[in-house]
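Novice: give me the fold of what follows.
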Amino acid sequence: MAEYVAFDPNTEVRGVTMLSINQAIGAKALPVLEKYGIQDINPESWYPQQTYLNAFREINKMGFFNMVSIGMRIPDLALFPPIENVHEALSLLNTAYQMNHRHGDIGEYHYEKVSRHEALLICRNPYPSDFDYGLIYRLVQKFLPHDSKGAVVIRDEGSPTRKKGADSCTYIVRW
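Specialist: You can find the predicted model right below:
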């Protein structure tokens with residue numbers, strides 16, 4: 001499967017995560033959301049994932065940074081378990097994903113600690129790769145140690161990528 005195609009037609013997304021589009025893109029996203037029947041989003045309600053992905057596809061055509069920006073809003077909006085540091089944030093990303101999606105094969109995030117300041121994430125989901133990049137980057141930024149000089153998120157081009165039809169993308173994260 002490629003980006004923008006739900007693994008299961010029954011999968012639903014919690015409304016609070018859908019608010020990331022409004023917060024990242026603002027008024028220019030409204031016509032696209034309305035086109036797909038996404039209006040008056042209730043943060044506690046559930047919506048078909050494929051409808052959300054259809055809107056994503058069209059919004060992505062408006063510019064690369066839209067997907068990154070939407071992904072960057074997720075750590076501040078979606079439900080997450082309590083987190084204290086970067087490794088914990090990355091290791092609990094799959095838990096947060098499960099909290100905000102339901103029904104069928106929703107996908108997953110697989111975390112692997114590489115070293116004290118490096119991790120590997122395999123993102124097997126139908127979201128755009130650039131969305132995952134933004135999500136991971138903001139999540140790491142949010143929990144960086146105070147003495148850190150920043151974070152780097154690199155999509156591993158040597159691994160399968162959704163941009164080329166795979167079910168997953170792999171990211172190397174360093175801080």
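
Novice: nearest residue to the residue nearest the centre of the chain in space, please, no chain neighbours.
Specialist: What sits nearest the mean C-alpha location of the chain, by CA atoms, centre = their mean, is residue 132, with 4.2 Å. Of all residues not flanking residue 132 in the chain, residue 123 sits nearest, at 4.6 Å (CB to CB, 6 or more residues apart in numbering). (Each C-beta comes from the backbone N, C-alpha and C, glycine too.)

Novice: tell me the secondary structure for that neighbour?
Specialist: strand (DSSP: H, G, I helix; E, B strand; the rest coil).

Novice: for it, the count of nearby residues, please.
Specialist: 25 (other CB atoms under 10 Å).

Novice: that one: what's it in contact with?
Specialist: 107, 109, 129, 132, 136, 168-171 (CB atoms under 8 Å, 6 or more residues apart in numbering).

Novice: that's a strand at the residue nearest to the centre of the chain, yeah?
Specialist: No - counting by three-state DSSP, residue 132 is not found in a strand; it is helix.

Novice: distance of it from residue 144?
Specialist: 19 Å (CB to CB, to the nearest Å).

Novice: ok, residue 171 next?
Specialist: Separation of residue 171 from residue 144 (CB to CB): 16 Å.

Novice: higher neighbour count, these two?
Specialist: The residue with more neighbours, out of residue 171 and residue 144, is residue 171; 22 against 15, by other CB under 10 Å.

Novice: wait, is that one part of a helix?
Specialist: No - assigned with three-state DSSP, residue 171 falls outside any helix and is strand.

Novice: coming back round to it: hang on, the residue nearest to the centre of the chain packs against residue 171?
Specialist: Yes - applying CB atoms under 8 Å, one finds residue 132 in contact with residue 171, separated by 7.0 Å.

Novice: just the strands in this structure please.
Specialist: 12-14, 46-48, 101-102, 108-115, 118-124, 152-155, 168-174 (DSSP state E).

Novice: these two touch, right, residue 144 and residue 175?
Specialist: Yes - using CB under 8 Å, residue 144 is in contact with residue 175, at 5.8 Å.

Novice: shared neighbours, those two?
Specialist: Joint contacts of residue 144 and residue 175 (CB under 8 Å, 6+ apart) are 86, 150-151.

Novice: distance to residue 9 added to those, as JSON lines?
Specialist: Below are the shared contacts of residue 144 and residue 175 laid out as JSON lines (distance: CB to CB, whole Å):
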{"residue": "86", "distance to residue 9": "35"}
{"residue": "150", "distance to residue 9": "40"}
{"residue": "151", "distance to residue 9": "36"}
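
Novice: inside helices: which ones of those residues?
Specialist: Applying DSSP state H to the shared contacts of residue 144 and residue 175, the entries found in helices are residue 86.

Novice: fine, thanks again, bye for now.
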